[in-house]
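In: here is my input; please provide its structure:
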Amino acid sequence: MRSDRRIKIAICDDEANVSLELSKKLNDILKADGGFAEIESFTAPEALIKRGGEGSSFDVIFMDIDWEGRGKGIEAAERLSHILPNASIIYITGYSERYVEQVFLRRSRLRGLLKKPINEDVLKSLLKKALEDEKSARRGKFSFSNRGGVYTIDYNDIIFLESKGHSLVIHTGSGVCHEMNGKLDDIETGFPDNFIRCHKSYLVNMDWPDRIDKKQHKFVIDSGKRPNAEDKECIVPISKFRYKGTRDKYLKYLTLKG
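Out: This next block holds a predicted model:
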């Protein structure tokens, strides 16, 4: 778990004693391993979301699920997963059974669930996993070239790739489209497992779609996930030939990720 840089951690919980206890345990765990952390506490999800929208980044976010008797933390985590796509999220709760369905239905970069009172051994294991994932995410870049130069973008920011003739158009969550020469057949195998070839002309990142429209055979991505989107929905077609395999793989991916 050793790191050569400062780890940025956010704790979002309305109970000050929980935040203080968690902060102390995190510092002790990292210090024992020769690491160090910058920890910031938030007493409301909205404050953390605002900070992320202003450009602050975090490697790990500890998010309390239960706010005012509702699972508002799960909703906030879903929004944060698009504002801070590389941040690993660990839920904190004293009522894990109450929110199990919401945890699986909502989309976030979930890396575990920490029950109150906090068990230090469990915390250490979850933190280790989150930091390992964070290192992998920093290495998860796609590099390509075109007439404008050489570019590198996060795989997490790619919604889908579209084949047009001898060119590929890379559609991103930030609203920018890049074009490069190439064929999906030549680059598909180099992409992470969360990308699926749903059509001969489309390779989609399964972290982005909100749902599959089974009547029209397409992935649907709502505009709320795309900050500069003008259209209400982004559509990625699924070919009839690939529909069953795509649907099964997508549902399996959601289950394992949840």
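In: could you dump stretch 116-136 to PDB, C-alpha only?
Out: Output in PDB follows, covering the C-alpha atoms of stretch 116-136 (Å, rounded to 0.1, in the frame of the first residue of the first chain):
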ATOM      1  CA  LYS A 116     -20.200   1.500  11.900                       C
ATOM      2  CA  PRO A 117     -18.600   1.000  14.400                       C
ATOM      3  CA  ILE A 118     -15.400   1.000  12.200                       C
ATOM      4  CA  ASN A 119     -13.300  -2.100  12.200                       C
ATOM      5  CA  GLU A 120      -9.700  -1.100  11.600                       C
ATOM      6  CA  ASP A 121      -8.700  -4.400   9.800                       C
ATOM      7  CA  VAL A 122     -11.600  -4.000   7.400                       C
ATOM      8  CA  LEU A 123     -10.700  -0.300   6.900                       C
ATOM      9  CA  LYS A 124      -7.100  -1.300   6.100                       C
ATOM     10  CA  SER A 125      -8.200  -3.900   3.500                       C
ATOM     11  CA  LEU A 126     -10.600  -1.500   1.800                       C
ATOM     12  CA  LEU A 127      -8.100   1.300   1.700                       C
ATOM     13  CA  LYS A 128      -5.500  -1.000   0.200                       C
ATOM     14  CA  LYS A 129      -7.900  -2.100  -2.500                       C
ATOM     15  CA  ALA A 130      -8.900   1.500  -3.200                       C
ATOM     16  CA  LEU A 131      -5.300   2.700  -3.600                       C
ATOM     17  CA  GLU A 132      -4.400  -0.200  -5.800                       C
ATOM     18  CA  ASP A 133      -7.300   0.600  -8.000                       C
ATOM     19  CA  GLU A 134      -6.300   4.300  -8.000                       C
ATOM     20  CA  LYS A 135      -2.800   3.400  -9.200                       C
ATOM     21  CA  SER A 136      -4.300   1.400 -12.000                       C
END
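In: buried stuff in that stretch?
Out: Judged by neighbour count (16 or more other Cβ atoms under 10 Å), stretch 116-136 contains these buried residues: 116, 123-124, 126-127, 130-131, 133-134. (Each C-beta comes from the backbone N, C-alpha and C, glycine too.)
In: report the rounded mean pLDDT for whichever strand or helix holds residue 219.
Out: In the assignment (DSSP states H and E), residue 219 maps to strand 218-222. For strand 218-222, mean pLDDT rounds to 89.
In: residue 250 touches residue 210, doesn't it?
Out: No - at 11.5 Å, residue 250 does not count as touching residue 210 under the criterion of Cβ atoms under 8 Å.
In: strand partners (parallel or antiparallel) of the strand holding residue 219?
Out: strand 211-213 (antiparallel), strand 233-237 (antiparallel) (DSSP bridges).
In: thinking again about what came up before, with distance to residue 66, secondary structure and pLDDT as new columns, can the buried residues of stretch 116-136 be given to me in TSV?
Out: Shown next, in TSV, are the buried residues of stretch 116-136 (distance: Cβ to Cβ, whole Å; DSSP: H, G, I helix; E, B strand; the rest coil; pLDDT from 0 to 100):
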residue	distance to residue 66	secondary structure	pLDDT
116	10	coil	86
123	18	helix	93
124	24	helix	92
126	18	helix	89
127	21	helix	90
130	21	helix	83
131	26	helix	80
133	25	helix	71
134	26	helix	66
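In: TSV for those, including distance to residue 76?
Out: Shown next, in TSV, are these (distance: Cβ to Cβ, whole Å):
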residue	distance to residue 76
116	18
123	21
124	25
126	19
127	20
130	17
131	22
133	20
134	20
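In: pick the most buried one from the strands paired with strand 218-222.
Out: A comparison of the strands paired with strand 218-222 by mean neighbour count, using mean count of other Cβ atoms under 10 Å, puts strand 233-237 on top with a mean of 17.
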